[in-house]
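> model this:
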Amino acid sequence: MTKFFSTTRRGALGLALGAAATFGLTVPAAAEVTFEGKTIEWIIPFSAGGGSDTWARFNAPLLGKYLPGNPTIVVVNEPGGGSTKGTNLFAARAKPDGLTLLGTSGSTQFPYLLGDPRVRYEYADWKIVMASPTGGVAYTSPSTGVTAPSEIAKLKGQKLVYASQGATSLDLVPLLGFKLMGLEVQHVFGFKGRGDGRLAFERGETNIDYQTSSAYIKNVEPLVAAGTAVPLFSWGTLDEDGNPMRDPTFPDLPDFNEAYTTMTGKAPEGPEYDAYFAFFTAGFPAQKMLFLPKDTPQDIVDVYQAAVDAMKADPEYQANKEAVLGTYEQVTGKAADSLFKKGTVISAELRKQVVDMLSADYGVKLGADE
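Here you go, the predicted model:
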């Protein structure tokens, strides 16, 4: 197990207590909890270099700054099984003492939603600390002849190759989206993270890919600037009424719906679009979530949420957040609970539709009794 230590350690117990008071948490409860001299492990069930890893490494040192006792937070990568391996380990082994965290993504939620037999965890058991909406951008190789998003129709009829973590990971969104667009894409399953998928793209092994926003900003925008990648569209985001719209982090890129219209000459609709939209909604508005394990005492949860709120007001966080994570706001409390529900609930009808499609088209068997 490789450990990566946070680089910023500054005492801030007083600030954490102040944040607790500011956000309605009781100072005595915060004062009773301290992590002085402790090391906290933040498990990321993906390989290094992807969006979840980037997200954790940005937040970890700042979160440690505002936890009582100024602990060191270590990011631990536990990839495998489309993120189910590290998540199962957390569910089985993490103690409710505040010293182990889990960062999940849509690739952790989707196996849970689809009844993947590898899943040995129950989201409802855990205590949410914060939720982080995000987006993502699909891009292609200039070898396809595409030079701009407006030329996406040039991909029709081409043999495209995509590096996938698996059919029940967050890569289900591009699988459904590309299929809906009528693109001929070979999905090569088995990659341990989106970072590995990007590296395959850079080596020329694939010619279409996507990265979540933080990884796209950090790792793909330099490829675009160098002329070795061409952005196609963002997955978009939702407005206050739940309707799709352009992602404000990438305002110059069309969203998926716009790209679909460019490809087909009509707006997306029908059962296949409903399935895509349901999993997009489950996967991106609550794309990254931070949890404490089952049975964690509420005073520890409160201290963590207060630390997140204090972290968000930190000048270093404010100065760097948009460049690393995009324009998305990380939330706690009721807002986090609401996003948590969006990310872990889907209708039985749409679930069955997708499970049947994965079985028929990709040979992915999720179990008749699931």
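
> rest of the way, CA atoms for contacts and neighbours
OK.

> can you pull the pLDDT of the residue nearest to residue 317 when sequence neighbours are not counted?
Distance criterion CA to CA, 6 or more residues apart in numbering; nearest residue to residue 317, sequence neighbours excluded, is residue 311 at 6.8 Å. The model reports residue 311 with a pLDDT of 97.

> residues in contact with residue 311?
By CA atoms under 8 Å, 6 or more residues apart in numbering, the contact set of residue 311 is 62-63, 65-66, 317.

> could you look up the SS state of it?
Counting by DSSP: H, G, I helix; E, B strand; the rest coil, the backbone at residue 311 sits in helix.

> quick check on the contacts of residue 311: which are buried?
Among those, the ones that count as buried by 16 or more other CA atoms under 10 Å are 62-63, 65-66, 317.

> quick one: which of those sit in helices?
When DSSP state H defines the helices, the subset of the buried ones among the contacts of residue 311 inside them is 62-63, 65-66, 317.

> now do the contacts for residue 108.
Residues near residue 108 by CA under 8 Å, 6+ apart: 82-84, 87, 169-170.

> assumed it was part of a strand.
No. Using three-state DSSP, the secondary structure at residue 108 is helix, not a strand.

> state the distance from it to residue 157.
Residue 108 sits at a distance of 32 Å from residue 157 (criterion: CA to CA, to the nearest Å).

> and residue 133, by the same measure?
Using CA to CA, residue 133 is found at 34 Å from residue 157.

> could you pull up the mean pLDDT of stretch 152-164?
For stretch 152-164, the mean per-residue pLDDT is 97.

> do stretch 108-115 as well
On average, stretch 108-115 scores 91.

> can you give me the helices in the stretch 151-300 of the chain?
Secondary structure of the stretch 151-300 of the chain (DSSP state H, counting those that start in this stretch): helices at 172-181, 194-202, 213-215, 221-226, 256-264, 271-283, 298-312.

> and the third one, what other elements does it pack with?
In this case it means helix 213-215. helix 51-66, helix 315-325 (3 or more CA pairs under 8 Å, 6 or more residues apart in numbering; DSSP states H and E).

> could you identify which of these is most buried?
helix 51-66 (a mean of 24; mean count of other CA atoms under 10 Å).

> right, and residue 157 touches residue 184 too?
Yes. Between residue 157 and residue 184 there is a contact at 6.5 Å, judged by CA atoms under 8 Å.

> higher neighbour count, the two?
Neighbours were counted for residue 157 and for residue 184 using other CA atoms under 10 Å; residue 184 has more, 15 against 11.

> what's near enough to touch that one?
So residue 184 contacts 156-160, 178 (CA under 8 Å, 6+ apart).

> how about those residues in CSV, adding distance to residue 143?
As requested, those are arranged in CSV below (distance: CA to CA, whole Å):
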residue, distance to residue 143
156, 14
157, 14
158, 11
159, 12
160, 11
178, 18
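
> of those, which count as buried by neighbour count?
Listed as buried from the contacts of residue 184 are 160, 178; burial here means 16+ other CA under 10 Å.

> the contacts of residue 184 in strands, which ones?
The strands, defined by DSSP state E, take in residue 160 from the contacts of residue 184.

> and the two most separated of the contacts of residue 108?
The most widely separated members of the contacts of residue 108, counting by CA to CA, are 87 and 170 (14.8 Å).

> about what we covered before: which one of the helices of the stretch 151-300 of the chain is the most hemmed in?
Ranked by mean neighbour count, these are led by helix 213-215 with a mean of 26 (mean count of other CA under 10 Å).

> sorry, back to before: adding mean pLDDT and distance to residue 297, write the helices and strands packed on helix 213-215 out as JSON lines.
Converted to JSON lines, the helices and strands packed on helix 213-215 look like this (pLDDT from 0 to 100; distance: least, CA to CA, whole Å):
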{"stretch": "helix 51-66", "mean pLDDT": "96", "distance to residue 297": "19"}
{"stretch": "helix 315-325", "mean pLDDT": "94", "distance to residue 297": "28"}
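
> quick one: closest of the ones you listed to residue 226.
helix 315-325 (19.0 Å).

> could you figure out how far the next helix or strand along the chain from the closest one is turned away from helix 298-312?
Next helix or strand after helix 315-325 toward the C-terminus (DSSP states H and E): helix 333-344. Computed by axes from the mean of the first three to the mean of the last three CA atoms, to 10 degrees, the angle separating helix 333-344 from helix 298-312 equals 100 degrees.

> mind listing what's buried in the next helix or strand after helix 333-344?
Later in the chain than helix 333-344, the nearest helix or strand by DSSP H and E is helix 348-362. Under the neighbour-count criterion of 16+ other CA under 10 Å, helix 348-362 has 350-351, 354-356, 358 buried.

> ok, now stretch 237-256?
237, 244-247, 249-250, 253-256.

> show only the entries of the residues you listed found in strands.
Reading strands off the buried residues of stretch 237-256 with DSSP E, I get 237, 244-245.

> what's the closest of these to residue 46?
Residue 46 has its nearest neighbour among these in residue 237, at 23.7 Å by CA to CA.

> ok, that closest one touching residue 246?
Yes. At 6.1 Å, residue 237 and residue 246 qualify as touching, with contact defined as CA under 8 Å.

> hang on, the earlier thing: could I get the helices and strands packed on helix 213-215 as a markdown table with distance to residue 113?
Output for the helices and strands packed on helix 213-215, formatted as a markdown table (distance: least, CA to CA, whole Å):
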| stretch | distance to residue 113 |
| --- | --- |
| helix 51-66 | 19 |
| helix 315-325 | 26 |
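
> now do the contacts for residue 100.
Shown in contact with residue 100 (CA under 8 Å, 6+ apart): 40-43, 94, 292-293.

> all set, thanks.
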